[in-house]
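Peer 1: Quick one, what's the 3D model for this:
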Amino acid sequence: MASIEFIQKRIDGKEIELIKLEKKLGRIRKAEAGGWEANNPYYYNEYDLRNCLKDIENAQKMLADYKAKLE
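Peer 2: Sure thing, here's the model as predicted:
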């Protein structure tokens with residue numbers, strides 16, 4: 001069984017990852033609103049949008065799993 005400190009570090013890491021992914025999603029949505037041409041310095045496209053949403057979903061699942069283990 002993993003220690004409480006180890007699980008807490010994993011939870012903290014996933015929360016930071018989610019914050020970064022939410023910021024990325026905001027940039028992608030802004031590029032999408034501009035028709036993928038305007039406000040798109042990273043050259044985001046629909047593929048990036050799908051992957052970002054999938055990454056957010058996976059990170060949320062892992063965070064929930066870690067929190068369940070902590071209890």
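Peer 1: Can you report how many residues lie near residue 8?
Peer 2: Neighbours of residue 8 under the rule other Cβ atoms under 10 Å: 14. Where you see a C-beta, it was placed from the backbone N, CA and C, and this is true even at glycine.
Peer 1: And it, what's its pLDDT?
Peer 2: pLDDT, residue 8: 93.
Peer 1: Likewise for residue 1?
Peer 2: 60.
Peer 1: Quick check: what element follows the longest helix along the chain along the chain?
Peer 2: Secondary structure of the chain per DSSP state H: the longest helix is helix 4-33. Using DSSP states H and E, the helix or strand that follows helix 4-33 in sequence is helix 46-70.
Peer 1: Can you pull out the residues in contact with that next one?
Peer 2: 2, 4, 7-8, 10-11, 14-15, 17-18, 21-22, 24-25, 28-29, 32, 36, 42 (Cβ atoms under 8 Å, 6 or more residues apart in numbering).
Peer 1: Only the buried residues of it, if you could.
Peer 2: For helix 46-70, burial by neighbour count (16 or more other Cβ atoms under 10 Å) applies to 48, 49, 52, 55, 56, 59, 62, 63, 66.
Peer 1: min pLDDT across the residues you listed, which one?
Peer 2: Within the set of these, pLDDT is lowest for residue 66 (92).
Peer 1: Any idea how many residues pack against residue 21?
Peer 2: Residue 21 is flanked by 18 other residues according to other Cβ under 10 Å.
Peer 1: Where does the prediction get shaky in this protein?
Peer 2: Applying pLDDT under 70 to the chain flags the ranges 1.
Peer 1: and with 80 instead?
Peer 2: Along the chain, segments meeting pLDDT under 80 span 1-2.
Peer 1: related to what we said a few turns ago, report the buried members of the contacts of helix 46-70.
Peer 2: The buried subset of those - by 16+ other Cβ under 10 Å - is 7, 10, 11, 14, 17, 18, 21, 24, 25, 28, 32, 36.
Peer 1: Nothing else from me, thank you.
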